[in-house]
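Undergrad: coords below, sequence missing:
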C-alpha cells in the first residue's frame, strides 16, 4: 500500500499540473463514475484543487463534486503531457482527467467515487480518520489518546490503523519502530506515552522529509521514494525487505513475520527492538 508521503506527493504533482484549468476530457472504466459524468458532464468544469487526506486523494471540481480515490495496494496516478505515451498499458487505465496541457491517468485504482459536500461529510473513512502525520497542525495528544483506546493491539498493527493516525504504511511501520527501538509485536498498553510520542514524531520526521521537493516543478508521478538512511539506494532502509540480512546497527539477522488481520509483513531486529 502506498505510504502517506506517496499520496501527498502525487496530490501535489497533480495539483501543480491541473489546478485552475478546465477539464476537456473525462474517461473511466467505472460505470458509476461514467453515469455521473453522462448526467452532469465534468468537461468545462475547472479543477480547483488536488489534495491528500491520509491515503485518500481528493480532486475537487468547480461544480461542487469531489473525485475520491484510494490506491490500496497497486493503484497509482500518473501525470503526462498531452500526447506523451503512457508508461503503463491501457488495460490498466481506470480514470483519465485531461486538460489542454496534461492528462492525469489513474492506473489500477480500486476505489473511486464522486462525492458532493454532504457525501464528503458522511464518508466514513474520511470522517473517522485519525490525525494526519503530514499535517502542519498534527494533534499529538489526540494521536496518543487514539492509541490508548486500542491498548490490546500490537503497536505494529496499530501504527497502520488510519483511524489512529493517518499516513503510515507498511514500510514506515517497520522502519519507524526500528528507529525507536520498539518491538513491533508489543501491545500498545505496554508502551508509555513518551515512547508513543517518539514513534509518531519519528514517523512525521521521515514522512515530511520524503515530501520535500527542492525542484518545485512538475514531475511525473510513477512510484515513490522511501528514505530513512542514506542517499545510496542500496542503503536507504534499515530493516524493511532485509529479512535474514545483518542489522545495520548490531549485525543480528533481521527477522520477518506476518502481522495483523491482513497479514502484512513486519521486519525487525530482535536484538535492537527488545523493548516495548
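TA: Nice, thanks for sending it over. If you're wondering where the values come from, they're calculated on a predicted model, not measured in any experiment. Residues are numbered from 1 along each chain as shown.

Undergrad: Sketch out the low-pLDDT regions of the stretch 101-250 of the chain for me.
TA: Applying pLDDT under 70 to the stretch 101-250 of the chain picks out residues 212-235.

Undergrad: For it, just list every one of the helices.
TA: 117-122, 124-127, 140-148, 155-160, 170-179, 193-209 (DSSP state H, counting those that start in this stretch).

Undergrad: Could I get those helices in TSV, plus columns for mean neighbour count and distance to residue 81?
TA: Backbone N, C-alpha and C define where each C-beta goes, glycine included. Output for these, formatted as TSV (neighbours: other C-beta atoms under 10 Å; distance: least, C-beta to C-beta, whole Å):
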stretch	mean neighbour count	distance to residue 81
helix 117-122	12	31
helix 124-127	13	32
helix 140-148	17	40
helix 155-160	24	36
helix 170-179	25	30
helix 193-209	18	29
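
Undergrad: and of these, who's closest to residue 236?
TA: Evaluated with C-beta to C-beta, these place helix 170-179 nearest to residue 236, the distance being 9.4 Å.

Undergrad: Show me this structure divided up by domain.
TA: 4-127, 140-268 (automatic domain parsing).

Undergrad: how far does the longest one stretch from start to finish?
TA: Between the opening and closing residues of domain 140-268 lies a distance of 25 Å (C-alpha to C-alpha, to the nearest Å).

Undergrad: Now distance to residue 275 too, for the domains of the chain, in a markdown table please.
TA: Shown next, in a markdown table, are the domains of the chain (distance: least, C-beta to C-beta, whole Å):
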| stretch | distance to residue 275 |
| --- | --- |
| domain 4-127 | 26 |
| domain 140-268 | 6 |
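
Undergrad: returning to what we had before: how about the helices of the stretch 101-250 of the chain, which one is nearest residue 103?
TA: helix 117-122 (25.5 Å).
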